[in-house]
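>>> predicted model and sequence below, questions to follow.
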Amino acid sequence: MLQLSVLREQTDLVVAGLTKRNYKNAAEEVAALLDLDQRRRQVQSEHDELQARSNSISKEIGILMKNGEREKAESYKAQTSDLKQQAKTLSDQLGALEEELQQALYKLPNIPHESVPQGRSAEDNEVVLQHGDIPTLHDGAQPHWELIQKYDIIDFDLGNKITGAGFPVYKKQGARLQRALINFFLDEAMKAGYTEIQPPILVNEVSGYGTGQLPDKDGQMYHATADNYYLIPTAEVPITNLYRDEIIPAEQLPIKNTGHTPCFRREAGSWGADVRGLNRLHQFDKVEVVQITLPEKSYETLEEMSSYIQGLLQKLELPYRVLRLCGGDMGFTSALTYDMEVYSAAQGRWLEVSSASNFETYQANRLKLRYKNENGKTQLLHTLNGSALALPRIVAAILENNQTPEGINMPKVLHPYLGFEKIG
RNA sequence: AGAGAGUUGGCGGAGUGGUCGAACGCGGCGGUCUUGAAAACCGUUGACUGUAACAGGUCCGGGGGUUCGAAUCCCUCACUCUCUGCCA
């Protein structure tokens, strides 16, 4: 959520930023919002003034009662009934204005960083770099959805039977590959200084608002209505919300956490031609890295995260490229996002396997996540996160890129985790 | 799931209708003392909003009510703890 003070003081910047996201009627909406805020403050100060008068009369009555001046006290009481009536009207107005303002603020996405390219869709994303050779496969090479059947390692039919589409069952070497990747990713994160967290995978509504999934992505999360809990779409939600309503001592920064969780996404309305096999699932595993930093350090940290994630892809010997997302393709809450894509040889396309973002103060403002600066002033921190990494598409790429007529070779780094070197 | 108890500032913990944003203790910060440190002593120490700065306003789990006035009384919801039940 954007800060009102930023909207007030840097209005032009905000409008320009929203426009970069192709946000419709940015100038009008911001103006309307500022007007609303102006009205809110007006009503607020009128209300406060009445309140102040009423408070002082009440105090006076208290003193009179104590001194036994009953009659005088009674006459004061009569005075306040009118004040009370007015205050009630104003406080109702105030409540309505605040609610309206809050809803309007929820609807505004984050302001993109200046380096974010203009653009409408994925085609306008900027390729920052590309790494590794694109493999040439043997004749008869297959996409992963055929390979998993051939080697009987991931079973969509069984998942469909016990749950539904998009919930695969991992078996045999497929299951071990999952476990190996999770352990490898967690071990690497710990080596890089991240602290491992195992959070709950259901969160309450407040947490959903804290990181911005609600109200924006309501309907994309599975909702356990009996208890009003949400199944997390990413470990970002619980791990970042750990710090909701906190003022972090500056010496504890930066906070670097990692966690493995299953992730659940309804993906309502997004099924189409490109989502076969492991490309898009309702449930998948992911190791996430989350950092909370001082505002002045956050972009440095984003670069650090990006190169950490690239290091993982290099160790897995996967060809990849890094994209800087354009204004139209960025997530709602992000100020700058790098997407990492691996090349899936048999599908002949790039698959997004990671997304690393700096949210600046957007999440922190909702979370009330702050620190005290040198002057003792309370200020919002910056939050960042990145996938490191999401499993399914990594598995797809490993299977497709490393296939041979004799089986599928596993990346060397995984051998100790797997206990085998080849599938098949 | 049933019965009971509870939810107060960074922590512990008072406070049952009036000057309470809240005693006291701990912790933190500043100082005195000390070669330095500890101890002791003195002072200080919540958040949000608002203002040019003051002032003012709000916050004692959330919401609602009673009252001139609520941390304190009433209703309601959530959560925590204890016992019973069930259970990986």
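Cool, the structure landed. Numbering: from 1, shown residues only, chains lettered A, B, ... in the order given.

>>> do the lowest-mean-pLDDT helix or strand in chain A and RNA strand B come into contact?
None of the helices or strands of chain A scores lower by mean pLDDT, DSSP states H and E than helix A:70-107, at a mean of 85. Yes. Using Cβ under 7 Å from any atom of the strand, helix A:70-107 reaches RNA strand B at A:77, A:80-81, A:84, A:95. Bear in mind the C-beta positions are built from the backbone N, C-alpha and C, glycine included.

>>> among those, the buried ones, what's the PyMOL command?
Here is the PyMOL command that selects the buried residues among the residues of helix A:70-107 next to RNA strand B (16 or more other Cβ atoms under 10 Å):
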select buried, chain A and resi 80
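
>>> out of the residues of helix A:70-107 next to RNA strand B, which comes closest to residue A:361?
The closest of these to residue A:361 turns out to be residue A:95 (Cβ to Cβ; 26.0 Å).

>>> contacts only, for that closest one.
With Cβ atoms under 8 Å, 6 or more residues apart in numbering as the criterion, no residue contacts residue A:95.

>>> just confirm residue A:256 is within a helix.
No. Secondary structure of residue A:256 (DSSP: H, G, I helix; E, B strand; the rest coil): strand, not part of a helix.

>>> which residues does it bridge with?
residue A:291 (DSSP bridges).

>>> distance of it from residue A:87?
From residue A:256 across to residue A:87, the span is 49 Å (Cβ to Cβ, to the nearest Å).

>>> likewise for residue A:417?
Residue A:417 sits 66 Å away from residue A:87, going by Cβ to Cβ.

>>> so for these two, which sits in the more crowded spot?
Legend: neighbour count by other Cβ atoms under 10 Å for residue A:417 and residue A:87, higher for residue A:87 (20 against 16).

>>> quick one: contacts for the more buried one?
Here residue A:87 is in contact with A:47, A:50-51, A:54 (criterion: Cβ under 8 Å, 6+ apart).

>>> show me the residues you listed that map onto helices.
Among the contacts of residue A:87, the ones falling in helices (DSSP state H) are A:47, A:50-51, A:54.

>>> and these, which are buried?
Counted by 16+ other Cβ under 10 Å, the ones in helices among the contacts of residue A:87 give A:47, A:50, A:54 as buried.

>>> count the residues that sit near the nearest residue to residue A:415 once chain neighbours are set aside.
Residue nearest to residue A:415 in three dimensions, not counting chain neighbours: residue A:421, with 5.4 Å by Cβ to Cβ, 6 or more residues apart in numbering. For residue A:421, the count of nearby residues is 13 (other Cβ under 10 Å).

>>> check the one 3 residues further on too.
By other Cβ under 10 Å, the residues close to residue A:424 number 15.

>>> can you check residue A:147 too?
The number of residues packed near residue A:147 is 21, by other Cβ under 10 Å.

>>> could you tell me how far the helix or strand hosting it lies from the centre of the chain?
In this assignment (DSSP states H and E), residue A:147 forms part of helix A:144-150. Distance of helix A:144-150 from the chain centroid (Cα atoms, centre = their mean, to the nearest Å) equals 32 Å.

>>> again, but for stretch A:81-88
So, by Cα atoms, centre = their mean, the centroid of stretch A:81-88 is 44 Å from its chain's centroid.

>>> in three-state terms, label the closest residue in space to residue A:394 that isn't next to it in sequence for me.
For residue A:394, ignoring the flanking residues on the chain, the nearest one in space by Cβ to Cβ, 6+ apart is residue A:353 at 5.5 Å. Residue A:353 carries the three-state label strand when classified by three-state DSSP.

>>> surely residue A:353 is in contact with residue A:395?
No. Between residue A:353 and residue A:395 there is no contact under Cβ atoms under 8 Å: 9.9 Å.

>>> who in chain A is up against RNA strand B?
A:4, A:41, A:44-45, A:47-49, A:51-52, A:54-59, A:61-63, A:65-66, A:77, A:80-81, A:84, A:95, A:227, A:247, A:370, A:372, A:378.

>>> quick check on those: which are buried?
Counted by 16+ other Cβ under 10 Å, those give A:4, A:44, A:47, A:54, A:61, A:80, A:370 as buried.

>>> I'd like the distance from stretch A:235-250 to the chain centre, please.
12 Å.

>>> end to end, how far does that stretch reach?
Counting by Cα to Cα, to the nearest Å, you get 24 Å between the two ends of stretch A:235-250.

>>> in it, what counts as buried?
Under 16+ other Cβ under 10 Å, the buried positions of stretch A:235-250 are A:235-244, A:246, A:248.

>>> picking up where we left off before, of the ones in helices among the contacts of residue A:87, closest to RNA strand B?
Among the ones in helices among the contacts of residue A:87, residue A:51 lies closest to RNA strand B (Cβ to the nearest atom of the strand), at 3.9 Å.

>>> and the pLDDT at the closest one?
pLDDT for residue A:51: 90.

>>> same check on the one 10 residues further on?
Reading off the per-residue confidence, residue A:61 sits at a pLDDT of 87.

>>> just checking, what packs against the strand or helix carrying it?
Using DSSP H and E, residue A:61 falls within helix A:26-67. Packing partners of helix A:26-67 (3 or more Cβ pairs under 8 Å, 6 or more residues apart in numbering; DSSP states H and E): helix A:4-9, helix A:11-20, helix A:70-107.

>>> that older thread, farthest pair in the buried ones among the residues of chain A next to RNA strand B?
Farthest pair in these, by Cβ to Cβ: A:61 and A:370, 39.3 Å.

>>> thinking again about what came up before, tabulate the residues of helix A:70-107 next to RNA strand B (TSV), appending distance to residue A:268.
Below are the residues of helix A:70-107 next to RNA strand B laid out as TSV (distance: Cβ to Cβ, whole Å):
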residue	distance to residue A:268
A:77	58
A:80	54
A:81	54
A:84	49
A:95	33
